[in-house]
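Trainee: Pasted the sequence and its predicted model underneath.
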Amino acid sequence: MAVPKKKVSKGRSSRRYKTYVKKQHKKILDKLVLVDCPQCKEKKIAHQVCKTCGTYNGRQVLDMEKKTEKVTKVLA
Ligand SMILES: [Zn+2]
């Protein structure tokens with residue numbers, strides 16, 4: 001069985017992990033396709049519910065009034 005010659009330090013492993021996370025993040029960002037929402041003309045991720053008006057494929061999916069209520073409660 002192959003055995004590592006030396007212990008990998010915390011710094012070295014965290015550095016490796018950081019670059020790995022960066023790479024994965026970039027991969028996800030490259031795959032994202034932004035399109036204009038047909039309802040509110042705002043930019044949204046393709047094949048996902050619009051986060052500004054809460055519609056998908058021409059019908060209301062998310063209750064935006066409740067969402068804004070929550071936000072105002074947090075702010076107050
Ligand atoms: Zn929209």
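Mentor: All right, it came through fine.
Trainee: all strands of this structure, in order?
Mentor: If DSSP state E is used as the criterion, the strands of the chain fall at 34-36, 43-45, 55-56, 59-60.
Trainee: Minimum distance to M1: which of these has it?
Mentor: Distances from M1 to each of the strands of the chain were compared using C-beta to C-beta; the shortest belongs to strand 43-45, at 45.7 Å. The C-beta positions use only the backbone N, C-alpha and C, and glycine is treated the same way.
Trainee: Report whether that closest one contacts the ion.
Mentor: No: taking C-beta under 5 Å from the ion as the criterion, strand 43-45 and the ion are apart, separated by no less than 6.0 Å.
Trainee: list the buried ones in that strand?
Mentor: By neighbour count with 16 or more other C-beta atoms under 10 Å, strand 43-45 contains the buried residues K44.
Trainee: Can you tell me the strand partners of that strand and which way each runs?
Mentor: The sheet places strand 43-45 alongside strand 34-36 (antiparallel), with pairing taken from DSSP bridges.
Trainee: Just give me how far the partner strand sits from the chain centre.
Mentor: The gap between the average C-alpha position of strand 34-36 and the chain average comes to 15 Å, counting by C-alpha atoms, centre = their mean, to the nearest Å.
Trainee: Ok, stretch 39-54 next?
Mentor: Taking the mean C-alpha point of stretch 39-54 and that of its whole chain, the gap between them comes to 14 Å (C-alpha atoms, centre = their mean).
Trainee: Near the ion, which residues of this structure? Just list them.
Mentor: Looking at the ion, the residues of the chain close enough under C-beta under 5 Å from the ion are 37, 39-40, 50, 52-53.
Trainee: Now do the lengthiest helix in the chain: which elements does it pack against?
Mentor: Secondary structure of the chain read by DSSP state H shows that its longest helix is helix 10-31. Secondary-structure packing of helix 10-31 (3 or more C-beta pairs under 8 Å, 6 or more residues apart in numbering; DSSP states H and E): no helix or strand packs against it.
Trainee: If we go by neighbour counts, what in that helix is buried?
Mentor: Those buried within helix 10-31 under the rule 16+ other C-beta under 10 Å: there are none.
Trainee: Quick check: the farthest pair among the residues of the chain next to the ion?
Mentor: When C-beta to C-beta is used, the two most widely separated members of the residues of the chain next to the ion are Q39 and T52, lying 8.6 Å apart.
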